[in-house]
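Novice: Sequence first, predicted model second:
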Amino acid sequence: MFGFSDFLSFLLALFFIYPIVSLVHELGHSFFAWLFGGKFSFSLGRGRTVFKKGPFILNSMYFLDAFCEYGQLKWNNRLTHFLVHAGGVIFNLGSVVVLNILISKNIIEPQTFFVQYSYFSVWLAAFSLIPVDYGNENYSDGLSIYHVLRNHKWPKLTG
């Protein structure tokens, strides 16, 4: 049964946990773009810009979506583009592994927040890997990875 406490938990997940998961995902893309000498920018949310600092943009509906864009990489090959497009999934799943290690070593206590964070991280990673063409050469991470590995094509990143 869905009660009031579940509704509060849902709001916490929607307005706090999922945006953190999205931020981690976009940091993964941005990290690998930066590592391989590319310029990047990323936005958290949709709507009007609330805050902008360097390559980071925070929009008014910060909980709705996130995306990253990157330019030409200094090291321009299949491996580097694969890692940029897979970076979000790597960071999401990597953060869950780190969280589980910290909990298993009793460094941090298991809490509902960590369960929800892990759930959303795995969910986002799994759905990012589904190959989808959103139109206008905007692809999911999975379809971008496919194009990089199969066709040696460097699709733009908007994931």
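Specialist: Cool, got the structure. Numbers count the residues shown, from 1 in each chain.

Novice: Every contact and neighbour count from this point should use C-alpha atoms.
Specialist: Noted.

Novice: In this protein, where is pLDDT below threshold?
Specialist: For the chain, the stretches with pLDDT under 70 are 1, 155-159.

Novice: And the residue nearest the centre of it?
Specialist: By CA atoms, centre = their mean, the chain has its centre lying nearest to residue 25, at 1.8 Å.

Novice: Could you count how many residues lie near the closest residue in space to that one that isn't next to it in sequence?
Specialist: Once flanking residues are discounted, residue 25 sits nearest to residue 88: 3.9 Å by CA to CA, 6 or more residues apart in numbering. Residues lying near residue 88 (other CA atoms under 10 Å) number 30.

Novice: Mind giving me the packing neighbours of the helix or strand hosting the residue nearest to the centre of the chain?
Specialist: Element membership for residue 25, per DSSP states H and E: helix 18-35. Counting contacts by 3 or more CA pairs under 8 Å, 6 or more residues apart in numbering; DSSP states H and E, helix 18-35 packs against strand 40-53, strand 56-70, helix 78-104, helix 112-128.
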